[in-house]
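S.K.: have a look at this prediction, sequence included:
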Amino acid sequence: MLSGAGVIFALVMVLLVLPYRAQNGPKGETRQIRVWIVGLGLAFPMTVLAALLGYGLFVGEQLLPRDLPDVVRVGAEGRQWAWTFTYEDAPGTTTQDVLHIPAGRPVDVAITTADVIHSFWVPRLAGKLDAVPGRANILRIEADAPGVYQGLSAEFSGAGYDRFTFSVTAHDAAGWQAFLRGDER
Amino acid sequence: MKALERHRKLTTIWASEPGFRGWFSTVNHTDLGRMFLTTAFFFFIVGGLLAMLIRAQLATPHSAFAGAEIYNQIFTMHGTIMMFLFAIPTFEGLAIYLLPKILGSRDLAFPRLTAYGYWCYVFGGSMLLVAMVLGIAPEGGWFMYPPLSGPIHSPGINTDFWLIGITFVEISAIAAAVEITVSVLKYRAPGMSLDKMPIFAWYALITALMILTGFPPLILGSVLLELERAFGLPFFQVDLGGDSLLWQHLFWLFGHPEVYIIFLPAAGVISTVLPVMCRTPLLGYGWVVAAAVSLAFLSFGLWVHHMFTTGIPHMGLAFFSAASTLVAVPTGIQIFAWIGTMWKGKPDLRLPMLHILGFFCTFVIGGLTGVMVAVVPFDWQAHDTAFITAHLHYVLFGGFVFPIFAGLYYWLPHFTGRQRFFRLGEFAFALIFVGFHVTFLAMHWVGLLGQRRRIPTYAPEDGWTTINLISSVGSFVLAIGIAMVLLDVILHGLTFYRGPRNPWNAGTLEWAMTTPPPAYNFASLPHVTGREPLHDDPELPARLARGEGYLGTPKHDWRETLTVDIASGRPDMHVIYPGNTRLPIVMSAVTGLFFLSLLLKFYWTVPVAVAGVICLAWRWVWKQGRKDDLEPMSLGRGLKVANAAMSRRSPGWWGTAFLLTANATFFGSLLFGFAFLWTVAPGWPPPAWLAASPFELGAGLAGAVLSSGAMRHTMRTNRKGGKPVLGLILTLAGALAIAFACAALMTRAPAPVEHAYGATLLVLGGYGLFHACLAALMVVFLIARVRGGYTSSGRQAEFSIVTLWVDYAAVIGVLILLVAHASGFSS
Ligand code: HEM
Ligand SMILES: [Cu+2]
Ligand SMILES: [Cu+2]
């Protein structure tokens, strides 16, 4: 996407410099309109955009949560300025500012808020999704490997916003079982 | 009459009071345009200083420069000032200054309204400045999302400053938009049909229409949020049947068109200046107009792309993503029309052209990153990072500030009649260009590295330190560049170095007058036969000064002009303007008192202010008009047309029609809000529905039919020479019946503080009550006018204006009552 944008930008710049040097553009008003406006103004962006849009929809579709048998369900509730996480597989268990998930399995995070709008974002696992009062938004994330992933709240929420971060710990299968049993806490 | 004698005579008629006292009473568009532009530039400097504070804060990690509370105020005010107090008013000022001149007329449609709008802008802007100085400025970000900005999470007065101050400023935007629309459509030189209009006028017209339909949703949102904050009506509180997403819809329904409201006037400047710099007419005039129109339409269908992360269903995302990328097409058409113009002509590198090249470079990058963020998966990553801030500045600075600087340097000789002596501008441009790109390229980069927008500090471990420092250094280079532009302009004003009359050899009419422009613009009005009258006839300025055009003989101390038929440009009315008056400034001060009372919760002064506005408005309209019929006027060149007061489609009628367009958008947004809450908000159904009352409903509907029918009948009676008073009394009775039904609805709305349903009914009823009372007041006014002898079978303009208001009250009254009572029946 970036290189495509670079090419278009370079094209426009060249078109801007050339009239200062040579004087051999298309002649005659109708030809000029056909070249500049219909060709470059109308047809060219249409083509590029159609391609881009198709690509975007395709990727978006890929990212869509599908119903798989081994989906893990967790909850994330934002509050000024802390996240509380709950686990369907371990009722009663809550964690603060650290979300535990199994690595290699799809996880559905139900994102809610107790006060204002927040946004749940773990850049390396998925895009962001807002926590909107009165709703639960579901975000599908998946960590390929065990480890710790940084997370952020990405919707401005007042004075404590800059410190409003959290982390995601992805466990291997054994570690996940241990977490669910409560060994770790 | 000699040219000089004519000049003296016209000047005594048109001049404002001498000295600074003239500022308060002038209604002249040249004065007010200059005042608007100066004030807007002042706010640009203030906003720029705030930007410097932001960049100073972000230059180093763990910066102790400002705490979060202060930092939040700084960036909120920066965004708010730049969008509402700099960009929009700059457009208004430029259009107000320029339009009558390029359209070949003597003033805008409603001179006093221009002044009123200006003072509303000054007073509203001052409210925000005062809040900033006192350290109680708004702090929720320029889009003020509830619940963060709601009563629970922002109990202080900060948010109220934003909601009330901005709504006040918005009044001036609506006033200017009505003004510009009617002026472009009606106040043109004879012969200037729509297709001969200078391209800038097209852009101004489209922008003004967008303001009329784009701003009302935000005004509505602000009203609702302020009602929630002041009186606890829970429109945005989810546990009481409200929904914070309603705000986001209303805000972006305004906010996205806003971007194009800012861009289109700038594009108008480019379409005007660039061809002159290339010594050739614009390529593809019709295409460019069509592109601008379609951009305007498309931009109203895109607001949801600001809400991609709120959990909108995937199909909705796909639709709005497609629509968002589509706007690149009309933008592309304009860009390539401009490039084609450059190829067609002989472009040079004079200062305005440098800024236009700066525009190309910057705006194209902004457009490309814009297309990227319109792709949903990318936006999920980039949203709310510094990448978005950088993109937005490429679009706004590239798409607005560079073109406006081009326009500034292009029209500066016109504003002052002088020539630039010191050549600071070229150097300033270089600094601005380099500084800008360093600042914001760095911000793109750090945004991709994950830096969020609106954070006051970050840690050294984040690894953003160097990039941020580079960005901050760039921003100071940029600031020095802007300071040099300011210096350049001041020096320009101080050096007495007279320039030629048409320094750029342009073809449009604003250069057909002496500069600085005389108060009356043209000693006589031209007859236009092409898009570039000055190229068609280089002798035109001298001929106009000799009085060879229309209205070349001043009579009776009248400020005269003429209007034309919209499409063909055939003259159709003769107009006499009001003279200098302090009424506008007084009226906007009293309007300010109204807003201030709400802000400070001095509710007992609210009725005083309302009564004051009513009295002043009454005087405002009363002072116009005559007790005798004017014969058709001879305009010179053998042309005779009737006076506007004798017309059913007077300028006032057109102004009312467009004002009601804005008003109807407001009402439509309100109905949208009701439907949205009902169907989407989680906390429904409400605990209690309205108990529907066939009696109230019947009374309201009957009142609507009666008022509207009686008013029409009255108008016909009057035209035939009959007595209109009886019919007016019946109209009044009808309007009062609507008022009664709406008032009853308000008193019976179930528990408005406990559920958004009752709150919405309260607002709907209030809206109906307000308009019914307004219509009633106007009918009373008209009765007074009839009895005072100000109307006749010929002087009927006021009848048709009042008819519009009566019909409007009837239509919305019926809709409100049906919707409200149907919700009661259905449950
Ligand atoms: C004069 C040069 C300018 C500089 C150096 C500058 C710098 C900045 C910076 C650094 C931010 C980010 C604040 C943050 O996220 O913490 C910002 C925000 C913003 N700027 Fe500018 N800016 C400039 C001019 C403008 C202009 C001309 C406009 C509009 C016409 C504008 C509109 C905005 C808006 C709308 C925001 C977002 C405010 C918010 O997040 O609520 N800026 N600016
Ligand atoms: Cu948008
Ligand atoms: Cu954008």
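M.R.: Sure, I can see it. Ligands and ions are numbered 1, 2, ... in the order given.
S.K.: ligand 1 contacts on the stretch 551-700 of chain B?
M.R.: Residues of the stretch 551-700 of chain B lying close to ligand 1 (CB under 6 Å from any ligand atom): none. (Glycine included, C-beta is placed from N, CA and C.)
S.K.: ok, now which ones touch the residue of the stretch 551-700 of chain B found nearest chain A?
M.R.: Across the stretch 551-700 of chain B, the shortest distance to chain A (CB to the nearest CB) belongs to B:P682, at 4.1 Å. Neighbouring residues of B:P682 by CB atoms under 8 Å, 6 or more residues apart in numbering or on different chains: A:134-135, B:238, B:243.
S.K.: hmm, who's touching the longest helix seen in chain A?
M.R.: Across chain A, the longest stretch assigned as helix under DSSP state H is helix A:44-63. Helix A:44-63 is contacted from outside by A:1, A:4, A:8, A:126-127, A:140, B:314, B:317-318, B:321-322, B:325-326, B:328-329, B:332, B:371, B:375-378, using CB under 8 Å, 6+ apart.
S.K.: cool, and stretch B:785-800?
M.R.: Defining contact as CB under 8 Å, 6+ apart, one finds that stretch B:785-800 is touched by B:622, B:625-627, B:629, B:644-650, B:652-653, B:714-715, B:718-721, B:724-725, B:728, B:782.
S.K.: tell me the buried residues within those residues.
M.R.: Buried members of the contacts of stretch B:785-800, counted by 16 or more other CB atoms under 10 Å in any protein chain shown: B:644-647, B:649-650, B:652-653, B:714-715, B:718, B:724, B:728, B:782.
S.K.: which ones among those residues map onto helices?
M.R.: Reading helices off the buried ones among the contacts of stretch B:785-800 with DSSP H, I get B:652-653, B:714-715, B:718, B:728, B:782.
S.K.: mind putting the residues you listed in CSV, pLDDT included?
M.R.: Below are these laid out as CSV (pLDDT from 0 to 100):
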residue, pLDDT
B:G652, 94
B:W653, 96
B:T714, 94
B:M715, 93
B:N718, 92
B:L728, 96
B:L782, 96
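S.K.: and those residues, which is closest to A:T30?
M.R.: Set against A:T30, the nearest of these by CB to CB is B:W653 (41.7 Å).
S.K.: could you list the domains of chain A?
M.R.: As assigned by automatic domain parsing, chain A contains the domains A:2-63, A:72-181.
S.K.: looking at the ones you listed, which has the lowest confidence?
M.R.: Lowest mean pLDDT within the domains of chain A: domain A:2-63, at a mean of 77.
S.K.: pull the distance from it to the chain's centre.
M.R.: Relative to the centre of its chain, domain A:2-63 is centred 28 Å away, using CA atoms, centre = their mean, to the nearest Å.
S.K.: helices along chain A, start to end?
M.R.: With DSSP H as the criterion, chain A has helices at A:2-17, A:29-32, A:44-63, A:173-181.
S.K.: tilt between the longest one and helix A:2-17?
M.R.: Helix A:44-63 and helix A:2-17 are oriented at 170 degrees to each other (axes from the mean of the first three to the mean of the last three CA atoms, to 10 degrees).
S.K.: enumerate the residues of the stretch 51-200 of chain B near ligand 1.
M.R.: Residues of the stretch 51-200 of chain B found near ligand 1 (CB under 6 Å from any ligand atom) are B:51, B:54-55, B:75-76, B:78-79, B:82-83, B:87, B:141-142.
S.K.: dump the residues you listed into TSV; add distance to B:G435 as well.
M.R.: Converted to TSV, those look like this (distance: CB to CB, whole Å):
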residue	distance to B:G435
B:A51	12
B:I54	15
B:R55	11
B:F75	19
B:T76	24
B:H78	17
B:G79	20
B:M82	17
B:M83	21
B:A87	20
B:G141	25
B:W142	23
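S.K.: what would the residues you listed look like in JSON lines with pLDDT?
M.R.: Compiled in JSON lines, these are given as follows (pLDDT from 0 to 100):
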{"residue": "B:A51", "pLDDT": "96"}
{"residue": "B:I54", "pLDDT": "95"}
{"residue": "B:R55", "pLDDT": "95"}
{"residue": "B:F75", "pLDDT": "95"}
{"residue": "B:T76", "pLDDT": "95"}
{"residue": "B:H78", "pLDDT": "97"}
{"residue": "B:G79", "pLDDT": "96"}
{"residue": "B:M82", "pLDDT": "97"}
{"residue": "B:M83", "pLDDT": "95"}
{"residue": "B:A87", "pLDDT": "96"}
{"residue": "B:G141", "pLDDT": "90"}
{"residue": "B:W142", "pLDDT": "90"}
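S.K.: chain A next: which of the residues you listed are close?
M.R.: Residues shared between these and the neighbourhood of chain A are B:G141 [CB under 8 Å from any CB of the partner chain].
S.K.: nearest to B:V613 among the residues of the stretch 51-200 of chain B next to ligand 1?
M.R.: Ranked by distance to B:V613 (CB to CB), those are led by B:M83 at 27.2 Å.
S.K.: contact partners for the closest residue to that closest one other than its chain neighbours?
M.R.: Distances taken as CB to CB, 6 or more residues apart in numbering or on different chains put B:W142 closest to B:M83, at 6.4 Å, once the chain neighbours are dropped. Contact analysis of B:W142 by CB under 8 Å, 6+ apart lists B:76, B:79-80, B:83.
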